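Peer 1: coordinates only, sequence not included:
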């Protein structure tokens, strides 16, 4: 028992020191980590429509003072008049090399949750042709003799994203970047939305 207590006494200070060293808030205070805010503007394209439209996102995250990686909480919006996607997710960015002081390529991966609204999507091949094949209940629908149309239904989905980016540091605090992202969105009300591809120009500031 004495040996066990002695071992715990030796481990406890090391554990406390490790927790203090890994504390991000303490790291921000000491300058080891920095808070980074990003605004991204561009366009997106859902496979179901193949129609590009406005896409935007905003994020806040944490990054080491030397860069290399970044973790961010991101919120975004896409709307092409027939489908609206509001998503929030956790995104990870990692530089391809460890010495990107001015410019760098980086990859990113994340996990998202989205609220999705459909507005009478009429894409050939994405509706069930026979009325009896539809699963009810669904409000605000009509049958035109060939297709069933859903008017303003909504749903949600969780999905992963994967992308690549290029960053240029103008100053120690400010950078711009270009990102391409692939969002693996699934189905809502048996409508296969396919993937959402986005291309954005981003402006980031480190605090």
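Peer 2: Now that the structure is in, tell me what you want to look at. None of the values given here were measured: they were computed from a predicted structure.
Peer 1: hmm, who's touching the helix or strand hosting residue 167?
Peer 2: Using DSSP states H and E, residue 167 sits in strand 154-169. Residues outside strand 154-169 that contact it (CB atoms under 8 Å, 6 or more residues apart in numbering): 89, 91, 93, 100-118, 175-189, 202. To be clear about C-beta, it is placed using only N, CA and C from the backbone, and glycine gets the same treatment.
Peer 1: Strand partners (parallel or antiparallel) of it?
Peer 2: strand 103-118 (antiparallel), strand 174-183 (antiparallel) (DSSP bridges).
Peer 1: ok, back up a step: of the contacts of strand 154-169, select the buried ones using a ChimeraX command.
Peer 2: Of these, the buried ones can be selected in ChimeraX as follows, counting by 16 or more other CB atoms under 10 Å:
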select :89,91,93,100,104,106,108,110,112,114,116,118,175,177,179,181,183,185,188,202
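Peer 1: And residue 72, how far from residue 186?
Peer 2: In this view, residue 72 and residue 186 are 23 Å apart by CB to CB, to the nearest Å.
Peer 1: Tell me if I am right that residue 48 is in a strand.
Peer 2: No: Residue 48 is assigned coil when assessed by DSSP: H, G, I helix; E, B strand; the rest coil, not a strand.
Peer 1: Thought residue 195 was touching it, still the case?
Peer 2: No: between residue 48 and residue 195 there is no contact under CB atoms under 8 Å: 9.6 Å.
Peer 1: Please say which of these two ends up with more neighbours.
Peer 2: residue 48 (22 against 17; other CB atoms under 10 Å).
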